[in-house]
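>>> kindly return the folded structure for what I paste below:
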Amino acid sequence: MTLKKWDTISSEYALNDRWIKVRADHCVDQFGQTISPYYVLDYPDWVNMVVLTPENELVMIKQYRHGAGVIDWEIPAGNVEPGETDFERTARRELLEETGFSADSFEFITSLSPNPANHSNSVHVFLVRDAVKIQEPEFDETELIITELMPISDVLEMITSNKFKHSIEISCLLIALNHANLISLEAKAL
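The predicted structure follows:
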């Protein structure tokens, strides 16, 4: 059997907001079946930063997330604004605004899909080394963010004990720390 992309016959927006667009696609799948509507979430692209200080502590943030109704730990991240194509510039801006930290070294690691089943956007992952605080954060009108430096081992323990739950950010964190040779994702022989 050969996999084949669906044909999109038409699309319209069921919701078109500054934060999210919900697209209703009218599709025909590889078997000729009509799937209509198939909802796609058109979020802007995101940048996520795994930020290390000169002492290899992680710059972590904590903020309220209304969707889940929780105050939770995260890594610094932000939206790519319409028309922005320089993701490193976006990452630098978001890190400075959210935490007041900056660094010379921003290394692009990878781009991931938050959920390819129904999200159209990508998250662009950066490893930031030798970050230092150079100013106070500049929050948006709805933001209040707490920044804390944490040892890598503490953050890994938070992941395994279900105290850090953001799956996309955990993926970014593990991939970037593995890339930096600070953890290993090599499989062990059984």
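>>> quickly list the domain ranges of this structure.
Domain assignment of the chain by automatic domain parsing yields the ranges 7-42, 46-179.
>>> just checking: what are the partner strands of the lowest-mean-pLDDT helix or strand in the chain?
Ranking every helix and strand in the chain by mean pLDDT, DSSP states H and E puts strand 70-74 at the bottom, with a mean of 93. Paired neighbours of strand 70-74 in the sheet (DSSP bridges): strand 57-65 (antiparallel).
>>> report the distance from the partner strand to the chain centre.
How far strand 57-65 lies from its chain's middle: 13 Å, per Cα atoms, centre = their mean, to the nearest Å.
>>> out of the domains of the chain, nearest to A187?
Closest to A187 of the domains of the chain is domain 46-179 (Cβ to Cβ; 12.1 Å). To be clear about C-beta, it is placed using only N, CA and C from the backbone, and glycine gets the same treatment.
>>> and the spatially most distant residue from the centre of the chain, which of the three is it?
Most distant residue from the mean C-alpha position of the chain: G32, 35.0 Å away (Cα atoms, centre = their mean). Classification of G32 by DSSP: H, G, I helix; E, B strand; the rest coil places it in coil.
>>> dihedrals phi and psi, it?
phi 90, psi 10 (degrees, to the nearest 10).
>>> what's the answer for G100, then?
phi 80, psi 0.
>>> that one - how many residues pack around it?
Residues near G100, counting by other Cβ atoms under 10 Å, number 16.
>>> mind listing what it touches?
By Cβ atoms under 8 Å, 6 or more residues apart in numbering, G100 lies in contact with 133-138, 147.
>>> next one: it relative to V51, how far apart?
Between G100 and V51 the computed distance is 11 Å (Cβ to Cβ, to the nearest Å).
>>> can you give me the strands for this structure?
Using DSSP state E, the strands of the chain run over 7-16, 21-28, 34-42, 46-51, 57-65, 70-74, 77-79, 101-102, 105-112, 123-129, 132-133, 146-151.
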